[in-house]
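Student: Model the following, please.
(2 chains)
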There are 2 protein chains.
Amino acid sequence: MPREVRERQMLDAAVAVFARRGYRAASMDEIAELAGASKPLVYLYLHSKEDLFSACIRREAEALIAAVQASVDPGAPADRRLWNGLRGFFAHTAAHPDGWAVLHCQARTHGEPFALEVAALRQRLVDVVTRLITETAEAGGCPEPLPEVEVAGLAHALVGAAESLAGWSNGRDGAASCERQTAETLMNFAWTGLENLRNGRRWAPARA
Amino acid sequence: MPREVRERQMLDAAVAVFARRGYRAASMDEIAELAGASKPLVYLYLHSKEDLFSACIRREAEALIAAVQASVDPGAPADRRLWNGLRGFFAHTAAHPDGWAVLHCQARTHGEPFALEVAALRQRLVDVVTRLITETAEAGGCPEPLPEVEVAGLAHALVGAAESLAGWSNGRDGAASCERQTAETLMNFAWTGLENLRNGRRWAPARA
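Tutor: Numbers count the residues shown, from 1 in each chain, chains lettered A, B, ... in the order given. I've put the predicted structure just below:
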């Protein structure tokens, strides 16, 4: 069997075990067994548990980013891009719940190198959303550009909302079948708000 | 010194050390030193590092929930309640960045008991928001009640957005002075969207 195929099987097994057990409790024995490989071969190809976990994070992060990017047509109107990006995001997290659990739950606090890799992934998602919001505001009827700090805040809010919904949605029965509904809920939350904002309609405490 | 005061000093020190070092790397020596107490006294009062971490989570969670509840006037209109709740949330997380770091970053993945306590706190925040959204929809011009699953999704989106913004805001310079701005950003994101929703105006893919 080519090394590439073997390595993919090992990573598949590792993602499943890390998602279920967490980094510390996961055993290389279990990963090797699930991959149908010998433990020495796993060490030969992927070096150490730490390297294996890093490889899982990198692979799952790249796959998620690629899924989001592939689902967006850069020439489409802003709401269609957001809608398609969210559908790509939720379809991917629903189809790969173990990968999402590794990225979102397991990798965050297991020491600096892992947390930094996940933070870098998150920043790429925030950057995509920041660009989208900036372009949306420019294309809308907003009388002046949104302040940069507000765009950054909105992007972090949107990414946080999507992360939270992915976890909630994956915890429901039949998660894979409701990605569309989850994306629609977030559009109703975020877009209808952003749509007002792009047209210069703001909420203000004075109105309350 | 009364035991109550001593214990509070120990918890203050523990929250600071856990936030900085993480659960595993935190040492009882450092916590005792920062609290100005002997290590045996810390063990006498708070039993073990695990119990101490649990006590930190419980105290910080209760303080955060209490701050949000105290900032909301139950008789106020829905947008005012949301605004005040968000201001209470961001003011508290900005004033207690170590407590927030323990709850949001450190406690999540250090084994079942801690993760479960944090999940329970999060569920209480989701419940508060769920009630608010349900009442908002009822008070608005929404022709029929929002489906329960959509209200749950919106509540998880809002809590996720607030968590994400608290982390982002605390990472900025002068975090404590911008809690109002952060709350306003989230109102512009969430309320203006919810306001449409409560009046039966939805985003739909067909419109795109």
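Student: If we ignore the residues flanking it in sequence, what's nearest the residue nearest the centre of chain A?
Tutor: The centroid of chain A falls nearest to A:L64 when counting by Cα atoms, centre = their mean (5.6 Å). Of all residues not flanking A:L64 in the chain, A:H92 sits nearest, at 5.6 Å (Cβ to Cβ, 6 or more residues apart in numbering or on different chains). All C-beta atoms are positioned from the backbone trio N, CA, C, and that covers glycine.
Student: Under the pLDDT cut-off, which ranges of chain A? List them.
Tutor: Within chain A, the stretches with pLDDT under 70 are A:109-112, A:174-177, A:206-208.
Student: If you tally nearby residues, what's the number for A:G160?
Tutor: Look at A:G160: counted by other Cβ atoms under 10 Å in any protein chain shown, it has 25 neighbours.
Student: One more: A:R3?
Tutor: 10.
Student: Who's the closest spatial neighbour of it, skipping the chain neighbours?
Tutor: Nearest to A:R3 is A:Y45, by Cβ to Cβ, 6+ apart, at 6.7 Å.
Student: how far away is the one you found from A:Q9?
Tutor: Look at A:Y45 and A:Q9: by Cβ to Cβ, to the nearest Å, they are 10 Å apart.
Student: Likewise for A:A101?
Tutor: Counting by Cβ to Cβ, the gap from A:A101 to A:Q9 is 19 Å.
Student: Same drill for those two, tell me which one is more crowded.
Tutor: Set side by side, A:A101 and A:Q9 show more neighbours around A:A101, with 22 against 16, by other Cβ under 10 Å.
Student: from what I can see the more buried one touches A:R21, true?
Tutor: No. With contact defined as Cβ atoms under 8 Å, A:A101 does not reach A:R21; the gap is 10.8 Å.
Student: Pull out the buried positions in the biggest helix by length in chain A.
Tutor: Counting by DSSP state H, the longest helix found in chain A is helix A:112-139. Buried residues in helix A:112-139, counted by 16 or more other Cβ atoms under 10 Å in any protein chain shown: A:114-115, A:117-118, A:121-122, A:125-126, A:128-130, A:132-134, A:136-137.
Student: Of those residues, which are in range of chain B?
Tutor: Among the buried residues of helix A:112-139, proximity to chain B is found for none (Cβ under 8 Å from any Cβ of the partner chain).
Student: Could you pull up the residues touching A:K39?
Tutor: A:M28, A:D29, A:A32 (Cβ atoms under 8 Å, 6 or more residues apart in numbering or on different chains).
Student: how about CSV for these, with distance to B:S164 and secondary structure added?
Tutor: Formatted as CSV, the contacts of A:K39 follow (distance: Cβ to Cβ, whole Å; DSSP: H, G, I helix; E, B strand; the rest coil):
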residue, distance to B:S164, secondary structure
A:M28, 34, helix
A:D29, 37, helix
A:A32, 37, helix
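Student: List only buried entries from these.
Tutor: A:M28, A:A32.
Student: now the helix or strand containing the residue nearest to the centre of chain A, how far from the chain's geometric center?
Tutor: Element membership for A:L64 (DSSP states H and E) is helix A:49-71. Taking Cα atoms, centre = their mean, to the nearest Å, one finds helix A:49-71 lying 9 Å from the centre of the chain it belongs to.
Student: Off-centre distance for the following helix or strand past it?
Tutor: On the C-terminal side of helix A:49-71, the nearest following helix or strand under DSSP H and E is helix A:78-95. Distance, stretch centre to chain centre, for helix A:78-95: 10 Å (Cα atoms, centre = their mean).
Student: Would you mark the buried spots in helix A:78-95?
Tutor: Judged by neighbour count using 16+ other Cβ under 10 Å, the buried positions of helix A:78-95 are A:78-79, A:81-94.
Student: Kindly export that helix (C-alpha atoms) in CSV.
Tutor: Extracted in CSV, the C-alpha atoms of helix A:78-95 (Å, rounded to 0.1, in the frame of the first residue of the first chain):
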residue,chain,number,x,y,z
ALA,A,78,-22.7,39.5,-0.8
ASP,A,79,-25.6,37.7,0.7
ARG,A,80,-25.3,34.8,-1.7
ARG,A,81,-21.6,34.5,-0.8
LEU,A,82,-22.3,34.6,2.9
TRP,A,83,-25.1,32.0,2.5
ASN,A,84,-22.9,29.7,0.4
GLY,A,85,-20.0,30.1,2.7
LEU,A,86,-22.1,29.2,5.8
ARG,A,87,-23.6,26.3,3.9
GLY,A,88,-20.1,25.1,3.1
PHE,A,89,-19.0,25.5,6.7
PHE,A,90,-22.0,23.7,8.3
ALA,A,91,-22.0,21.0,5.7
HIS,A,92,-18.4,20.3,6.3
THR,A,93,-18.6,20.4,10.2
ALA,A,94,-21.7,18.1,10.0
ALA,A,95,-20.0,15.6,7.7
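Student: Just name whatever secondary elements that helix is in contact with.
Tutor: helix A:49-71, helix A:112-139, helix A:148-170, helix A:179-198 (3 or more Cβ pairs under 8 Å, 6 or more residues apart in numbering or on different chains; DSSP states H and E).
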